[in-house]
Structure formats: C-alpha cells, structure tokens
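**Student:** Predicted model and sequence below, questions to follow.
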Amino acid sequence: MHPVVKPALRQAWRDLRYVQFGVTAAHAVVLGPVDTATGSLLSLFDGTRGLARLREEARAIGLPDGHVDALLERLAKAGLVDDVTGGGPAAAALRKRTGAYDRLRPDLASLSVVHPEPGGGAARLAARDAVRVQVRGAGRVGATVAAVLSAAGVGQVDVLDGGRVEPWDVAPGGVPAEAVGERRAVSAQQVVRRSAPGRARRAPRRSDGGPVEPPPLSLVIVAPRDGLAAYVPDPATAEDWLATGTPHLYAGVAEASGVVGPLVLPGGSACAGCLALRRADRDPVWPRMAAQWRTPRHRETGPGPCDLGLATTVAGMAASHALSFLDGELPASTGTRWEVSLPLLEWRSRRIEAHRDCPCGAAGQTEGERASGAGTTHDTMAGVAASTECQMADAARQLGIGGAHV
Ligand SMILES: [Zn+2]
C-alpha cells in the first residue's frame, strides 16, 4: 500500500490544530486536534512511500512506533486516505493504459471523494470497463448519454435506433453534423467509439478465434428521440426487461419538459406499469389519452420540440445516475422521476410507489435504498470529546459542512 491523503479534497487549516479536507458540504471532513509531529507526518502521505518507508521516516523524526499505523487508521476511518497502488488487478491494468488513465483521472478523483475506502475509486473505475449498457435512442438525448458513458469508461455501450440521421438529431455531445444521412445506429456507435478513453481495443476472442459472448446487460437506458416514450413509458416495451431482471432507466425530453427516471429495478422498485396504474388511479381517463398520444397519427413526421440545452442537461443527468448505479449505488432516480421544465428549470422529484396490481411484483418489496453521497457521514473516531472539538464541530455545522469531525 502507498497511502495518499486524498488529493481530490482541498486542505485548509481552520486554526493551528484543526485541518479541513474538502470544500463542499457533502464530503468535507474536519480532522483534529493534530499535533505538530502528526502534521508533518501527514505531508509524507503523498503516495510515493510504502508503509515500511513511512514507518522508518516517522522513527527518524522521533515519532513512536505505531504512530504511522494509528494515523493511517484514523484517516482511513474518515475516508481520507487512498492507495495509489490499490483497487485490484483491473485497476493496475488500467493504470498501465496511460492514455486512457490520464483521460479518466478527473473521474477517478471524483470517485475517490465518493467512496471512502482506499483504492475504492480505482476499483470502481476499472470495473466500468467490464460493463455493458444498452442505450435505446440515438437522438439529442440518447447519443449524448451513450457518448458520456463511453467517455467515462463504460467498456461496452450499444446504441439501438432505426432510420437515418436527420439534421435535427445533431448535438454537440452526440451525433455530429457529418453524420447526417448515415444510419443512426451506425453513427451513434461511431460516437461511442470516438468518445472512449484511450485507443479502442480489439474485441476479445475465444481460443478458437470465435467472438466471445457479450456480457449480460447491466443497464438499459430508454432515451427515445420522441421523448413521449420516456415521459409516458409504455409498459409493454418493458416486459422483456422485467422478465430478464434487467435494470432500466428512462430519460427524455417531451415538449418543453425533461424527465430522468425512474430507474427500475425489476421486482424491487416501481416500473412503467406501476406508473401507468398510479396515473390511472388519479385520472381514470389517462389510459385513453396515453393510447391517443401513442398512435402514429399523433406522431410528428418532422422534429418535435427539443431544447438543446434541456436535452443536454437531461442526457448528463441520466448518464450520471447511470454511472452511480453501475458503480454500485442506488441513485435518487430509483423508483423516482425527476422532472425539469423550461423556462425556470427547477428540478422536482416525484416518488412512484409500486402498484399492487402490477405484475412486476415490486409492491411490498423494499429496494434497500440508501443515500449515495450527500448527507452520509464518515466513520468517526471514538473517544474524541474535548470541548474544543465540539466547538469546532459546531463551527463546521454552521458552515454547512456535512462530513464527520474526526
Ligand atoms: Zn410495476
């Protein structure tokens, strides 16, 4: 292990004895009291030294045996220490792909903030490489979602759509203007390839030269060009995903509103069927209207309304929720729709309760939901109760610092 005090968190001394790691309320932590010797030891945790050398250098500056390990444990419990060699073999392999690794360094730094354990960020980033995601829709939202996921290290992003690229499909984060006239699925797949960090690797082959079976889908993102299919999702299209237990996330723009969610965990959280039944409970004519909206004669032949800023926002939010889920969390779109409308663009959420009449079986289940970042507290050090520390904690709270005081 080569410990480093997480460089992603900015350090600032609140006074001579207390140091704060991090700026933002969700992840900032105050460490203290820190004596002078410990303070100088902190600066040695920069990722260039292994444990043996750290212990040696601590001894050289007169610190007792065990001081390094005790400090390290204290920092680790506060989620403040990373391991520059950690994360397992996949992370080690990623570090050797220097082009890709350099591209992904900001993402790694972000993951190191979110995941407290040493090497946890690197392990999650490397794990994305083995993941397969399907994006259904190659318009302004879908192609941008696919590009972002690929650029963020998701190893396989399949994009499904029909027809050929129209001028209004073009978006700065998605399909380029040069692709107009090409088949949508093909051009979106090119966007995915171009977005991937590092050089594209050859598809793995079996020992007999045949192609390797693709991994099962970890997630389907429903991002149709006609955002109606995300805003009023048709339960029939989700039947296969429910049957195979495939998690799926809806995202799209309809008229001048964007929607992200729900992220459906089949049998665990509300699905499109639950949503339709809840709507019908509140408004009995809803199914009749939904059927009219979905009939071909009500579909526009040209481009429907889709504000580019809104589409990009929805795509970014959807991709971020997808990445959080792929990294092992349950983001706030789980069983919940997030909606945003022009012109004020205020995000609002609506929780969808699973419906007892829906065959998905999610009613009565608990999805084990937990917060993935904001508001969570890191482990705290036991036995630190000096009055000054309480005052510092109070000060931190007044400043809106949500992390632990250790
Ligand atoms: Zn359901």
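**Tutor:** That came through, no problem.
**Student:** Which strand or helix spans the spatially most central residue of the chain?
**Tutor:** Nearest to the geometric centre of the chain sits S324, at 2.4 Å (Cα atoms, centre = their mean). According to DSSP states H and E, S324 maps onto helix 308-326.
**Student:** Please name every helix or strand in contact with that helix.
**Tutor:** Using 3 or more Cβ pairs under 8 Å, 6 or more residues apart in numbering; DSSP states H and E, the elements in contact with helix 308-326 are helix 142-151, strand 219-222, strand 248-254, strand 257-264, strand 336-341. From N, CA and C alone the C-beta is placed, and that goes for glycine too.
**Student:** Show me what the helix or strand containing V68 is packed against.
**Tutor:** Taking DSSP H and E as the criterion, V68 maps to helix 67-77. Packing contacts for helix 67-77, counted by 3+ Cβ pairs under 8 Å, 6+ apart, involve strand 3-5, helix 36-42, helix 51-60.
**Student:** repeat that with 10 Å
**Tutor:** strand 3-5, strand 29-31, helix 36-42, helix 51-60, strand 81-83 (3 or more Cβ pairs under 10 Å, 6 or more residues apart in numbering; DSSP states H and E).
**Student:** avg pLDDT for the last one?
**Tutor:** Put plainly, it is strand 81-83. Per-residue pLDDT values over strand 81-83 give a mean of 94.
**Student:** following it, which helix or strand shows up next?
**Tutor:** Once strand 81-83 ends, the next helix or strand along the chain (criterion: DSSP H and E) is helix 88-96.
**Student:** and that following helix, how far from the chain's centre?
**Tutor:** Centre-to-centre, helix 88-96 and its host chain are 20 Å apart (Cα atoms, centre = their mean, to the nearest Å).
**Student:** what residues does the protein put near the ion?
**Tutor:** Contact residues, the chain versus the ion (Cβ under 5 Å from the ion): C271, G273, C274, C358, C360.
**Student:** same thing but 6 Å
**Tutor:** A270, C271, G273, C274, A354, H355, C358, C360, A362 (Cβ under 6 Å from the ion).
**Student:** Tell me what the closest residue to the ion within the stretch 1-150 of the chain is bridged to.
**Tutor:** In the stretch 1-150 of the chain, the residue found nearest to the ion is R136; the distance is 18.9 Å by Cβ to the ion. Per DSSP bridges, the residues bridged to R136 are L160, V222.
**Student:** Quick check, it in contact with L219.
**Tutor:** No: using Cβ atoms under 10 Å, R136 is not in contact with L219; the gap is 11.2 Å.
**Student:** OK, contacts around R183?
**Tutor:** By Cβ atoms under 10 Å, 6 or more residues apart in numbering, the residues touching R183 are A138, D161, G162, G163, R164, V165, Q189.
**Student:** and which of the residues of the chain next to the ion is nearest to E346?
**Tutor:** A270 (23.2 Å; Cβ to Cβ).
**Student:** Need the pLDDT of that closest one.
**Tutor:** 97.
**Student:** what about the stretch 201-350 of the chain, any weak spots by pLDDT?
**Tutor:** Along the stretch 201-350 of the chain, the parts satisfying pLDDT under 70 run over 201-205, 297-301.
**Student:** Could you export the residues of the chain next to the ion as CSV, including secondary structure and neighbour count?
**Tutor:** CSV is the format used below for the residues of the chain next to the ion (DSSP: H, G, I helix; E, B strand; the rest coil; neighbours: other Cβ atoms under 10 Å):
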residue, secondary structure, neighbour count
A270, coil, 27
C271, coil, 30
G273, helix, 23
C274, helix, 25
A354, coil, 24
H355, coil, 21
C358, coil, 20
C360, coil, 24
A362, coil, 26
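**Student:** With distance to Q156 added, can I get those in TSV?
**Tutor:** Output for these, formatted as TSV (distance: Cβ to Cβ, whole Å):
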residue	distance to Q156
A270	28
C271	25
G273	28
C274	29
A354	30
H355	33
C358	31
C360	27
A362	28
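**Student:** circling back: which neighbours do R136 and L219 share?
**Tutor:** Common neighbours of R136 and L219 (Cβ under 10 Å, 6+ apart) are H248.
**Student:** Having no further points to raise, I will conclude here.
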